[in-house]
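Visitor: Here's my sequence, what's the structure:
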Amino acid sequence: MTLRWSCATLLLTVICGSALSTIITGPSDKVYERGVDTTGLVECVLSTSSSGQVFIIHDGRVIASGTGPLDSAKHTISDTASQTGNYSLIILNLSREDSGTYGCQFGGNTQEAQIIVAGM
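Guide: Numbering: from 1, shown residues only. A predicted model of the protein is given here:
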């Protein structure tokens, strides 16, 4: 009887645990130097590769989701993100317009950071 209860409890934990994915690495404040740094990084790594909706936000506007960036000429996300849980966004051709608040949003959890592109 105890063994069955333990297995049932373990099964319930595994099933429920997959629904409780969280952001384990979110964006961090960074300063990039225009003319020196050509790309920037907005980290967004989940604890599992679950099927929940993931969004990358810049100044309150969604710029990428779990299906990829809205502007592929400006941003990129790994093709394996849905398998690895790594939805980190690479900003291409950094410019001053890329400065601002970036967020990684998953479920009801959002982590934000400031990115500054400084210089010439």
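Visitor: Nearest the geometric middle of the protein, what residue?
Guide: Geometric centre of the chain, nearest residue: Cys44, 2.3 Å, by CA atoms, centre = their mean.
Visitor: Tell me how far it lies from Leu92.
Guide: 17 Å (CB to CB, to the nearest Å). Bear in mind the C-beta positions are built from the backbone N, C-alpha and C, glycine included.
Visitor: which residues touch the residue nearest to the centre of the chain?
Guide: Shown in contact with Cys44 (CB atoms under 8 Å, 6 or more residues apart in numbering): Ile23, Thr25, Gly26, Pro27, Val54, Ile56, Asn86, Tyr87, Ser88, Leu89, Cys104, Phe106.
Visitor: Could you do Leu46 as well?
Guide: Leu46 touches Ser21, Thr22, Ile23, Ile24, Val54, Gly85, Asn86, Tyr87, Phe106, counting by CB under 8 Å, 6+ apart.
Visitor: Quick one: residues in contact with the lengthiest strand in the chain.
Guide: Once the chain is assigned using DSSP state E, the strand that runs over the most residues is strand 109-118. Residues outside strand 109-118 that contact it (CB under 8 Å, 6+ apart) are 22-23, 26-34, 37, 40, 42, 57, 91, 94-96, 98-104.
Visitor: which of those are buried?
Guide: Buried by 16 or more other CB atoms under 10 Å: 23, 26-27, 30, 32, 34, 37, 40, 42, 57, 91, 94, 98-99, 102-104, out of the contacts of strand 109-118.
Visitor: Just these: which are in strands?
Guide: Those of those lying in strands (DSSP E): Ile23, Lys30, Tyr32, Gly40, Val42, Ile57, Ile91, Tyr102, Gly103, Cys104.
Visitor: how many neighbours does the residue nearest to Leu70 when sequence neighbours are not counted have?
Guide: Among residues not flanking Leu70 along the chain, Ile63 sits closest, at 5.7 Å (CB to CB, 6 or more residues apart in numbering). The number of residues packed around Ile63, counting by other CB atoms under 10 Å, is 19.
Visitor: list the helices and strands the one helix or strand Ile63 maps to packs on?
Guide: Element membership for Ile63 (DSSP states H and E) is strand 61-65. Contacts defined by 3 or more CB pairs under 8 Å, 6 or more residues apart in numbering; DSSP states H and E place strand 61-65 against strand 54-58, strand 75-77.
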